[in-house]
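K.L.:
need the 3D shape of this:
(one chain, ligands or ions: 1)
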Amino acid sequence: MIIEPKIRGFICTTAHPTGCATNVQRQIDHVVIKGPIPSDRKRVLVLGCSTGYGLASRIVTTFGSGADTVGVSFEREPGEAKPASAGWYNNRAFENRARAAGAKAVTIEGDAFSDAVKAETIEAIKSTLGQVDLIVYSLASPVRTDPKDGVTYRSAIKPYGSAVTSKTLNTGTGEVSEISVEPASEEEAQATVKVMGGEDWELWIKALSEAGVLADDFTTLNYTYLGSELTWPIYHKGTLGKAKGDLDRAAAAIRAAHGDNSAHVVALKAVVTQASSAIPVVPLYGTLLIKVEDEMGLSEGPIQQIDRLFRDKLQGVIVLDDASRVRVDDWELSNAMQAELKKRWAVLNTENLADLADLPKYREEFLKLFGFSVGGVDYSKDVDPRVVE
Ligand code: NAD
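P.N.:
Residues are numbered from 1 along each chain as shown. Here you go, the predicted structure:
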């Protein structure tokens, strides 16, 4: 069949197997060309392994440091005439290439919040890796069912405390407008912490520890976004920021139980992913950031960020901020970049968007998440949606 993008709101409901495989290959190439990354952590578990920062982490540890991996993600399988989710194609493309390179790669597709998937993952670790030295927690989900009581929580991406009025962008039409977002109720804020906070991270570490599959000197990483003052009202000071603040609490609890080096929250830069495109205000900030980064020669997508994390930031003595976080958002939050972003944000409107920001590149990055708009792929070619190279 010929597969074309079908965009609904901020998601694309189709994905292209060849485009996704090409994306995976290009990310691998980025790491391989830069050369090996020394690391003793050769047995890695990646939670949220199929797209964005999780996929980049699996690629960097496998192709940079020669690690074997178990990955967990939530995917839609293909049908005879129905494309799979992009993550399903990415997982298959990754496994094919990892195994061809001599690395073990086992992927579990299911709900990482459930006890059943935790148990299945532990069995996979026992049979393929024995134990794990590194656990990367990179789940991004709008919903979580608590395995203890079966209650389902939905995150609400809203301000906390008071309403926020901000510029925002309709990425479909290119229109810049003002939105007012009402603050979350206390119940919505708590639900967001339940979904995106540290509780499930701690449950994973507890389950892995009790099953005896954690190496003595294991480390676990969890990714956060602090971001620019421009997005603070909706993000850092909103419900998501509250949930992310709970990661710092969880990291401290894991360190108290397992030692100083056992858990780090890592602050990463804003990139275009399925998760970030759903957050109000963030896509407008993203279109500005893409342009300013390009002009400053500091462009980074997920693979460049995660490569820099493992190649530079996690080598030798790890430098932590005053909240014990590893910072890879240093370029984005540099004074020079923020000053330029703030200057443009103040005057940004629909008419000058094309000069000050880069919506075409944002749209291209968004389509690439689903394997579309990838250079070198012949989209007029008939493909079997069940087959990935
Ligand atoms: P993403 O949407 O690209 O990836 C999310 C991953 O989680 C996918 O592999 C998906 O399959 C998996 N997942 C979702 N629900 C699941 C479930 N119930 N069970 C199993 N797997 C599930 O997201 P991303 O942007 O790469 O975000 C990953 C982490 O990085 C998040 O913690 C996010 O807050 C953080 N982060 C993102 C940005 C950004 O700009 N995108 C910036 C800094 C930090």
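
K.L.:
show me what from the stretch 51-200 of the chain comes close to the ligand.
P.N.:
Residues of the stretch 51-200 of the chain lying near the ligand by Cβ under 6 Å from any ligand atom: 51-54, 72-74, 87, 111-113, 138-141. All C-beta atoms are positioned from the backbone trio N, CA, C, and that covers glycine.

K.L.:
among the residues you listed, give me the pair with the biggest separation.
P.N.:
By the measure Cβ to Cβ, Tyr53 and Asp111 form the most distant pair in those, at 19.4 Å.

K.L.:
more neighbours: those two, which one.
P.N.:
Tyr53 (25 against 16; other Cβ atoms under 10 Å).

K.L.:
what's the helix or strand for the more buried one?
P.N.:
helix 52-59 (DSSP states H and E).

K.L.:
and that helix, what does it pack onto?
P.N.:
helix 17-34, strand 43-47, strand 68-73, helix 86-100, strand 132-137, helix 302-308 (3 or more Cβ pairs under 8 Å, 6 or more residues apart in numbering; DSSP states H and E).

K.L.:
how does it look with 10 Å?
P.N.:
helix 17-34, strand 43-47, strand 68-73, helix 86-100, strand 132-137, strand 214-224, helix 302-308 (3 or more Cβ pairs under 10 Å, 6 or more residues apart in numbering; DSSP states H and E).

K.L.:
next, format those as a markdown table and append mean neighbour count and distance to Asn170.
P.N.:
Below are these laid out as a markdown table (neighbours: other Cβ atoms under 10 Å; distance: least, Cβ to Cβ, whole Å):
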| stretch | mean neighbour count | distance to Asn170 |
| --- | --- | --- |
| helix 17-34 | 20 | 25 |
| strand 43-47 | 26 | 33 |
| strand 68-73 | 26 | 30 |
| helix 86-100 | 23 | 23 |
| strand 132-137 | 25 | 32 |
| strand 214-224 | 20 | 28 |
| helix 302-308 | 23 | 25 |
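
K.L.:
with distance to Ser276 and mean pLDDT added, can I get those in CSV?
P.N.:
Converted to CSV, the helices and strands packed on helix 52-59 look like this (distance: least, Cβ to Cβ, whole Å; pLDDT from 0 to 100):
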stretch, distance to Ser276, mean pLDDT
helix 17-34, 17, 98
strand 43-47, 18, 99
strand 68-73, 17, 98
helix 86-100, 15, 98
strand 132-137, 17, 98
strand 214-224, 12, 98
helix 302-308, 10, 98
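
K.L.:
what about the strands in the chain?
P.N.:
7-8, 11-12, 43-47, 68-73, 105-109, 132-137, 143-145, 152-154, 164-170, 175-181, 214-224, 263-267, 326-327 (DSSP state E).

K.L.:
adding distance to Glu351, write the helices and strands packed on helix 52-59 out as a markdown table.
P.N.:
Below are these laid out as a markdown table (distance: least, Cβ to Cβ, whole Å):
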| stretch | distance to Glu351 |
| --- | --- |
| helix 17-34 | 33 |
| strand 43-47 | 43 |
| strand 68-73 | 41 |
| helix 86-100 | 34 |
| strand 132-137 | 42 |
| strand 214-224 | 35 |
| helix 302-308 | 32 |
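
K.L.:
show me the shaky parts of the stretch 251-389 of the chain.
P.N.:
For the stretch 251-389 of the chain, no stretch has pLDDT under 70.

K.L.:
tell me where it has helices.
P.N.:
For the stretch 251-389 of the chain, applying DSSP state H, counting those that start in this stretch gives helices covering 282-296, 302-308, 335-347, 353-356, 359-368.

K.L.:
got a list of what Gly71 touches?
P.N.:
44-50, 54-55, 57-58, 62, 87, 90-91, 94-95, 98, 105-109, 121, 124, 136, 138 (Cβ atoms under 10 Å, 6 or more residues apart in numbering).

K.L.:
isn't Val292 right up against Lys361?
P.N.:
No: contact between Val292 and Lys361 fails when scored by Cβ atoms under 10 Å: they sit 11.8 Å apart.

K.L.:
between those two, which is the more surrounded one?
P.N.:
More crowded of Val292 and Lys361, by other Cβ under 10 Å: Val292, with 22 against 16.

K.L.:
once you drop chain neighbours, what's closest to that one?
P.N.:
Leaving aside its sequence neighbours, Val292 sits nearest to Glu340 (Cβ to Cβ, 6 or more residues apart in numbering; 5.1 Å).

K.L.:
what's near enough to touch the one you found?
P.N.:
Per Cβ under 10 Å, 6+ apart, neighbours of Glu340: Leu288, Leu289, Lys291, Val292, Glu293, Glu295, Met296, Ser334, Leu356.

K.L.:
please apply the same query to Ala119.
P.N.:
Counted by Cβ under 10 Å, 6+ apart, Ala119 has contacts Ala207, Ala211.

K.L.:
make it 8 Å
P.N.:
Ala207 (Cβ atoms under 8 Å, 6 or more residues apart in numbering).

K.L.:
go on, Asp382?
P.N.:
By Cβ under 8 Å, 6+ apart, the contact list for Asp382 reads Met1, Ile2.

K.L.:
repeat the analysis, applying 10 Å as the threshold.
P.N.:
Met1, Ile2, Ile3.

K.L.:
next one: Ala112
P.N.:
So Ala112 contacts 47-49, 72-74, 118, 121, 137, 139, 141, 144, 200, 204 (Cβ under 10 Å, 6+ apart).

K.L.:
let's see the pLDDT reported for it.
P.N.:
What the model reports for Ala112 is a pLDDT of 98.
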